[in-house]
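Engineer: Have a look at this fold, sequence not included:
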């Protein structure tokens, strides 16, 4: 039997918060990704299946789903790596509201990016001068280590603390805040520490490291959050967080 | 968790490591020749060293347990942030009072 004769049994979540799994038979192919499987179902078996994707090459971060119980970027996840006994179970990301089928509402995820103040705030320096940032400096190295996030939401879905505490800012927003904090050109770095120290901010993290374990681009949000904990605690003890 | 409660939680944890080791080591040494109330009290009565040791220990353990319980209640039960904090702070007071009473009993009573 060649691989083209074999089929995969694929259970896919249908509905929103309430719903059930629907089973499909999908031809097994060489070098097939989980996104290929979902796309096959949508194009050949059920055009009403809702899912989200864009780039298909691991850049946009929009195709993440829960595959056999783990959050993954489906465009870069080969079926052969995750299939168990010829079966795939595909569900939307956890810790986010489900709009329909495999599509989640990312609004809470991005609202927390805003709340963690992960955007650049210009300083008072002259606008026609370039700020010198040494590539080997400690801040630039820390920012570089955290900056390649693709906003996919895998870490947010994998985080136990997010599942327990709706208000927790989560690993992605805090990782972004750490990258922004290490941008020496930022005009209000203390404002970032204030933002991540309020309510369920960086100190809420239990350092379980699920974010680091699951991050598809091998970032280490736990390390970033630890940096924010240290920096904001120092600022607090110096009275700079009032 | 606020930066201050984070600091207190981690700080009391670090503080308790040598205290727990000393506490356990003294227990193991003390029971070698049998254990009696008289023997314990002869060591602790009037001892400012043990009063200070357990005074710090009780305070650290009360704070650590109270903050930890506050976090667990907020994350694992339907209780909100304020209700969890109130219970945690009450627990700190209760544990500290119980511990202080025990220290008073073995050092001064």
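Structural biologist: Yep, it's here. Keep in mind that this is a model prediction, so the values were computed, not measured.
Engineer: Point me to the helix or strand that includes residue B:91.
Structural biologist: helix B:81-107 (DSSP states H and E).
Engineer: Looking only at that helix, what residues are buried by neighbour count?
Structural biologist: B:84, B:85, B:87, B:88, B:91, B:92, B:95, B:96, B:99, B:103, B:106, B:107 (16 or more other C-beta atoms under 10 Å in any protein chain shown). No exception for glycine: its C-beta is placed from N, CA and C like everyone else's.
Engineer: which one of those residues is nearest chain A?
Structural biologist: residue B:84 (10.7 Å; C-beta to the nearest C-beta).
Engineer: The closest one reaches residue B:68, doesn't it?
Structural biologist: No: here residue B:84 does not reach residue B:68: they are 11.1 Å apart, not a contact under C-beta atoms under 8 Å.
Engineer: how far away is the residue nearest the centre of chain A from chain B?
Structural biologist: Of all residues in chain A, the one closest to the mean position by C-alpha atoms, centre = their mean is residue A:153, 2.5 Å from it. Note on residue A:153: its distance to chain B, by C-beta to the nearest C-beta, to the nearest Å, is 21 Å.
Engineer: Model confidence score at that residue, please.
Structural biologist: You'll see residue A:153 listed with a pLDDT of 98.
Engineer: ok, now which ones touch it?
Structural biologist: Neighbouring residues of residue A:153 by C-beta atoms under 8 Å, 6 or more residues apart in numbering or on different chains: A:61, A:64, A:71, A:93, A:96, A:104, A:106, A:109, A:172.
Engineer: Would you quantify the distance from it to residue A:230?
Structural biologist: Residue A:153 is 26 Å from residue A:230, where distance means C-beta to C-beta, to the nearest Å.
Engineer: Over to residue B:102?
Structural biologist: In terms of C-beta to C-beta, residue B:102 sits 36 Å off from residue A:230.
Engineer: and what of residue A:176?
Structural biologist: For residue A:176, the distance to residue A:230 - C-beta to C-beta - is 17 Å.
Engineer: Next: residue A:80.
Structural biologist: Distance from residue A:80 to residue A:230, by C-beta to C-beta: 42 Å.
Engineer: residues near the closest residue to residue A:76 other than its chain neighbours, how many?
Structural biologist: Nearest residue to residue A:76, sequence neighbours excluded (C-beta to C-beta, 6 or more residues apart in numbering or on different chains): residue A:58, at 4.3 Å. Residue A:58 is flanked by 15 other residues according to other C-beta atoms under 10 Å in any protein chain shown.
Engineer: which residues touch the nearest residue to residue A:197 once chain neighbours are set aside?
Structural biologist: Nearest non-adjacent residue to residue A:197, counting by C-beta to C-beta, 6+ apart: residue A:232, 4.5 Å away. The neighbours of residue A:232, taking C-beta under 8 Å, 6+ apart as the test, are A:193, A:196, A:197, A:201, A:202, A:203, A:241, B:3.
Engineer: Quick check: which element contains residue A:232?
Structural biologist: Going by DSSP H and E, residue A:232 is part of helix A:221-237.
Engineer: Only the buried residues of that helix, if you could.
Structural biologist: Applying 16+ other C-beta under 10 Å to helix A:221-237 flags A:221-225, A:227-229, A:231-233, A:235-236 as buried.
Engineer: In terms of distance to chain B, which of these ranks first?
Structural biologist: Set against chain B, the nearest of these by C-beta to the nearest C-beta is residue A:236 (4.2 Å).
Engineer: What's the per-residue pLDDT of the closest residue to that closest one other than its chain neighbours here?
Structural biologist: The shortest distance from residue A:236 to any non-neighbouring residue, by C-beta to C-beta, 6+ apart, is to residue B:3 (4.2 Å). We have a pLDDT of 89 for residue B:3.
Engineer: how near is residue B:3 to residue A:193?
Structural biologist: As judged by C-beta to C-beta, residue B:3 and residue A:193 stand 9 Å apart.
Engineer: quick one: which of the two has more around it?
Structural biologist: residue A:193 (25 against 22).
Engineer: Pull the residues that contact the least confident helix or strand in chain B by mean pLDDT.
Structural biologist: Least confident helix or strand of chain B, by mean pLDDT, DSSP states H and E, is helix B:37-44 with a mean of 89. Residues from elsewhere that reach helix B:37-44 (C-beta under 8 Å, 6+ apart): B:30, B:50, B:51, B:106, B:107.
Engineer: What are the buried residues along the one helix or strand the second one maps to?
Structural biologist: The reference is to residue B:50. Using DSSP H and E, residue B:50 sits within helix B:48-76. Neighbour counts using 16+ other C-beta under 10 Å place B:50-51, B:53-55, B:57-67, B:69-71, B:73-75 of helix B:48-76 among the buried residues.
Engineer: Please go through those residues and note which also touch chain A.
Structural biologist: B:74, B:75 (C-beta under 8 Å from any C-beta of the partner chain).
Engineer: By neighbours, which of the contacts of residue A:232 wins?
Structural biologist: residue A:202 (31 neighbours).
Engineer: quick check, residue A:12 in a strand?
Structural biologist: Yes: per DSSP: H, G, I helix; E, B strand; the rest coil, residue A:12 lies within a strand segment.
Engineer: ok, and the closest non-adjacent residue to it?
Structural biologist: Using C-beta to C-beta, 6+ apart, the closest residue to residue A:12 is residue A:90 (5.0 Å).
Engineer: Distance-wise, check the one you found relative to chain B.
Structural biologist: Look at residue A:90 and chain B: by C-beta to the nearest C-beta, they are 29 Å apart.
Engineer: Surely that residue touches residue A:8?
Structural biologist: No: under the criterion of C-beta under 8 Å, residue A:90 is not in contact with residue A:8, lying 10.7 Å apart.
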